[in-house]
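>>> Everything below, folded, please.
(chains A and B)
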Amino acid sequence: MKLPRSLLVLAMLPLTACSTLADITHTETVKPWDRGLLAQDSLQLEPDAMQSYVDDHIYFSREASTGGKGIGGGGCGCN
Amino acid sequence: MKTRSFVLSVSLLFAALSPHTHAETAPSFKLPGAHSAVSLEAHRGSVVYLDFWASWCSPCRKSFPWMNTLQQRYREAGLTVIAVNLDASRAEAEHFLQSLSVDFTVAFDQAGQTAEAFNVLAMPSSYLIGRDGKIVHQHRGFRQKDKAAIEQSIRKALGESV
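Numbers count the residues shown, from 1 in each chain, chains lettered A, B, ... in the order given. Presented below is the predicted three-dimensional model:
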């Protein structure tokens, strides 16, 4: 007996769903003492706080009319 | 039936409470040290301040001078400070140690087995182990404001007047 292809696909669907779910829920926790690499300066979101401050300041002074990095307008009433 | 469920619930209650009411015995370890092997068993009878640290952890660096002070202040009273390094490479730990003066025992655990046994949840973590080998006090992280409280529990464990 030959099963229709669509039926076979339907039968396989829950299997794939299960494996994806298992992949999502499976999390490997990094031990506190294994965070040496993550603690490196080059892996910080802001490697240099002063540099980010200066960049932000310049960006805001140029883009203030559109609210800079924020969401509000600059008070010109144009946006 | 009623008595059985009562007994069950009481025993369950005790099972739930017991980790809090009884101090846990510190897991024993034997690790390579700077000169010779360091084991917890060898220090049974003295109060041990066990600290877990790594070279990349900046609060750990801040805690080192203070641990020196602790060791100097309470050596006579019977305190031993053991700092277990958890760096993956020993060279990095040695480099860190060269930049500081260390007046206490240092041990190296590259595999992190002792950290696993003590269930270390933060860096640095410290455990105060009493003369009977039981964990009296544990602490996560290192902040200047915590120093007084830790020192107080050390004095208590040593049997000194607080």
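>>> Would you quantify the distance from residue B:109 to residue B:152?
Going from residue B:109 to residue B:152 by CB to CB, to the nearest Å gives 28 Å. Where you see a C-beta, it was placed from the backbone N, CA and C, and this is true even at glycine.
>>> quick one: which of those two has more around it?
Applying other CB atoms under 10 Å in any protein chain shown to residue B:109 and residue B:152 shows that residue B:109 carries more neighbours, namely 20 against 13.
>>> List the contacts of that one.
Neighbour list for residue B:109: B:29, B:31, B:84, B:85, B:86, B:115 [criterion: CB atoms under 8 Å, 6 or more residues apart in numbering or on different chains].
>>> Verify the stated contact: residue A:47 with residue A:41.
Yes: in terms of CB atoms under 8 Å, residue A:47 counts as a neighbour of residue A:41; the distance is 5.4 Å.
>>> which other residues reach stretch B:144-157?
B:47, B:49, B:62, B:66, B:70, B:74, B:79, B:126, B:128, B:130-131, B:136-137, B:139, B:161-162.
>>> So what's the residue count around the closest residue to chain B within chain A?
Relative to chain B, the nearest point of chain A is residue A:33 (3.7 Å; CB to the nearest CB). By the criterion of other CB under 10 Å, residue A:33 has 28 neighbours.
>>> now swap in residue B:73 and tell me
Considering only other CB under 10 Å, residue B:73 is surrounded by 13 other residues.
>>> pLDDT of stretch A:28-42, averaged?
Throughout stretch A:28-42, pLDDT has a mean value of 88.
>>> Now do that stretch: distance from first to last residue.
End-to-end distance for stretch A:28-42: 23 Å, by CA to CA, to the nearest Å.
>>> What are the buried residues along that stretch?
For stretch A:28-42, the neighbour count (16 or more other CB atoms under 10 Å in any protein chain shown) marks A:32, A:33, A:35, A:36 as buried.
>>> Same question for stretch B:55-66.
Here stretch B:55-66 shows B:55, B:56, B:57, B:60, B:61, B:63, B:64 as buried, counting by 16+ other CB under 10 Å.
>>> So which of those residues belong to helices?
The helices, defined by DSSP state H, take in B:60, B:61, B:63, B:64 from the buried residues of stretch B:55-66.
>>> I figured the third one hits residue B:52, correct?
No: taking contact to mean CB under 8 Å, the distance of 10.7 Å between residue B:63 and residue B:52 leaves them out of contact.
>>> Mind listing the shared neighbours of those two?
In contact with both residue B:63 and residue B:52: residue B:124, using CB under 8 Å, 6+ apart.
>>> on that earlier part again, looking at the buried residues of stretch B:55-66, which one is closest to chain A?
Closest approach to chain A among these (CB to the nearest CB): residue B:56, at 4.2 Å.
>>> show me the contacts for the closest one.
Counting by CB under 8 Å, 6+ apart, residue B:56 touches A:35, A:36, A:39, A:40, B:87, B:92.
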